[in-house]
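*Asks:* Coordinates for the following, if possible.
(one chain, ligands or ions: 2)
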Amino acid sequence: MTPKELSLGIINGDRRSLAKSITLLESRVQRDRILGEELLSYLPKNRESSLRIGITGVPGAGKSTFIETFGLYATQKGKKVAVLAVDPTSPLTGGSILGDKTRMPNLAVHPSAFIRPSPSGGNLGGVTTKTREAIVLFEASGYDVILIETVGVGQSEIAVSNMTDFFLLILIGGAGDELQGIKKGIIEMADLILINKADNNNIERAELARNEYRTALHYLQSRREYWNPDVMTVSSLYNKGIDKVWEILEKFQSQSGTHIQENRAIQRKKWLRESTETSFLEEMDSLIDTYPELKTLHEKVASGELSIRTATRILLDKYKNS
Ligand SMILES: Nc1nc2c(ncn2[C@@H]2O[C@H](COP(=O)(O)OP(=O)(O)OP(=O)(O)O)[C@@H](O)[C@H]2O)c(=O)[nH]1
Ligand SMILES: [Mg+2]
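*Replies:* Ligands and ions are numbered 1, 2, ... in the order given. Purely as a prediction, here's the structure:
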């Protein structure tokens with residue numbers, strides 16, 4: 001299919017076109033990159049009614065279970081739901097743990113939902129680019145709610161908060177901050193904190209945690225002037241409190257007004273910078289074997305013979321004169 005045909009398929013909500021386009025945009029082959037760029041140029045941009053939600057929390061907090069339950073709830077409200085994951089392949093774990101369709105069995109087969117498996121391999125920069133482009137595809141295809149899961153232990157949650165409108169932090173009761181591996185910075189980023197697994201004999205612990213985090217939030221500067229983050233307990237497994245989360249999101253959308261679009265504009269500028277940086281570095285890496293002087297420059301910096309400042313200037317001069 002040509003990029004034009006793919007774009008028409010996407011706009012008409014055809015799932016196969018969507019899946020093919022995602023594969024095209026993730027390809028590293030030069031020809032595919034050109035086709036991918038053409039495809040993106042045909043798509044309508046910036047669907048104002050969509051809501052992009054970032055979801056983070058320590059492994060096992062119940063992010064995928066929440067997405068399954070919340071996603072199904074959203075489909076019942078007549079929404080189309082897309083699920084993506086930002087999961088840079090860790091050299092330690094060696095693979096993708098997120099976006100696992102088996103953890104979202106009912107949502108995975110729902111006609112109004114689309115779960116995109118994590119792009120395999122690559123660094124955070126590569127993964128975030130692919131995720132941003134997937135967001136554009138999903139929105140062009142009429143998806144209203146975009147859920148982006150990431151594990152809350154590294155840099156990826158910052159990347160996710162930079163590509164979403166609303167940031168959700170999922171915690172569990174009965175574990176201190178240290179235990180949950182959650183940094184203060186992440187709490188500050190949250191628009192809503194959910195204490196999950198508030199069910200069976202865990203309810204009391206969850207409520208205690210909710211009160212503690214509420215107190216903690218009082219002492220933190222809220223991140224957006226138009227929104228005050230809150231903490232609530234839910235049970236994703238037993239579908240408790242999910243309707244309240246939906247109400248909060250509706251309130252956020254109506255209360256935010258034009259702020260969401262303004263925030264997206266700021267994000268897009270940031271993406272351009274990041275994307276330029278990534279592309280430059282990729283280009284340099286690919287040239288290093290063909291240009292001995294580039295290799296020598298790196299070696300001189302490594303040995304301390306040449307300052308980084310001078311080497312950077314040489315690289316910039318070469319770029320300007322090329
Ligand atoms: N009791 C109870 N168990 C839950 C709840 N939510 C999730 N779980 C269980 O917690 C375990 C981990 O849930 P996941 O949804 O896979 O957690 P996750 O945060 O996506 O985990 P990773 O993707 O590995 O980081 C599973 O066994 C779930 O069944 C809940 O609300 N109550
Ligand atoms: Mg998960």
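*Asks:* Which single residue in the stretch 1-150 of the chain comes nearest to ligand 1?
*Replies:* As assessed by Cβ to the nearest ligand atom, ligand 1 sits closest to G62 within the stretch 1-150 of the chain, at 3.0 Å. The C-beta positions use only the backbone N, C-alpha and C, and glycine is treated the same way.
*Asks:* now the nearest residue to that residue once chain neighbours are set aside, which residues is it bridged with?
*Replies:* Among residues not flanking G62 along the chain, N196 sits closest, at 4.2 Å (Cβ to Cβ, 6 or more residues apart in numbering). Here N196 sits in beta bridges with I172, going by DSSP bridges.
*Asks:* residues contacting the closest residue in space to S50 that isn't next to it in sequence?
*Replies:* Closest residue in space to S50, ignoring its immediate chain neighbours: E139 at 4.9 Å, by Cβ to Cβ, 6+ apart. By Cβ atoms under 8 Å, 6 or more residues apart in numbering, E139 lies in contact with 46-47, 50, 146.
*Asks:* From those, keep the buried residues only.
*Replies:* Buried by 16 or more other Cβ atoms under 10 Å: 47, 50, 146, out of the contacts of E139.
*Asks:* Low-confidence bits of the chain, can you list those?
*Replies:* Where the chain drops to pLDDT under 70, the residues are 88-101, 119-122, 152-153, 175-182.
*Asks:* Per the annotation, how does it divide into domains?
*Replies:* 1-43, 47-256, 268-320 (automatic domain parsing).
*Asks:* Which stretch among these is buried most, on average?
*Replies:* Counting by mean count of other Cβ atoms under 10 Å, domain 47-256 has the highest mean neighbour count of the domains of the chain, with a mean of 18.
*Asks:* Geometric centre of the chain: which residue is closest?
*Replies:* A centroid search over the chain (Cα atoms, centre = their mean) returns V160, at 3.5 Å, as the residue closest to the centre.
*Asks:* where's it relative to R210, distance?
*Replies:* According to Cβ to Cβ, to the nearest Å, V160 stands 23 Å off from R210.
*Asks:* repeat for R273
*Replies:* R273 is 38 Å from R210, by Cβ to Cβ.
*Asks:* Spit out the contact partners of the residue nearest to the centre of the chain.
*Replies:* 54-56, 86, 148, 150, 167.
*Asks:* That one sits in which helix or strand?
*Replies:* Assigned by DSSP states H and E, V160 belongs to helix 156-161.
*Asks:* do that helix and ligand 1 meet?
*Replies:* No - judged by Cβ under 6 Å from any ligand atom, helix 156-161 stays clear of ligand 1, getting no closer than 11.5 Å.
*Asks:* L107 - that's part of a helix, no?
*Replies:* Yes - membership of L107 in a helix is supported by DSSP: H, G, I helix; E, B strand; the rest coil.
*Asks:* what pairs with F114 across the strands?
*Replies:* A82.
*Asks:* could you check the distance from the closest residue to I115 other than its chain neighbours over to I67?
*Replies:* Ranked by Cβ to Cβ, 6+ apart and with sequence neighbours excluded, the top spatial neighbour of I115 is V83, at 4.4 Å. To I67, V83 is 6 Å away according to Cβ to Cβ.
*Asks:* what sits in contact with each of these two?
*Replies:* Taking Cβ under 8 Å, 6+ apart as the contact rule, V83 and I67 both touch 104, 107, 147, 149.
*Asks:* Taking these, tell me the two that lie furthest apart.
*Replies:* The span of the shared contacts of V83 and I67, defined through Cβ to Cβ, is set by L107 and E149 at 12.0 Å.
*Asks:* which neighbours do the two share?
*Replies:* In terms of Cβ under 8 Å, 6+ apart, L107 and E149 are both contacted by the residues 67, 83.
*Asks:* Could you look up the SS state of the residue of the chain found nearest ligand 2?
*Replies:* Closest to ligand 2 within the chain is S64: 3.3 Å, counting by Cβ to the ion. Judged by three-state DSSP, the three-state class of S64 is helix.
*Asks:* what's the nearest residue to it if we skip its chain neighbours?
*Replies:* Nearest residue to S64, sequence neighbours excluded (Cβ to Cβ, 6+ apart): R103, at 3.8 Å.
*Asks:* which parts of this protein sit against ligand 1?
*Replies:* When proximity is defined by Cβ under 6 Å from any ligand atom, the chain lies next to ligand 1 at 57, 59-65, 97-98, 103, 151, 196-197, 199, 235-237.
*Asks:* Can you verify my assumption that W246 contacts A74?
*Replies:* Yes - look at W246 against A74 with Cβ atoms under 8 Å: they come within range, at 7.2 Å.
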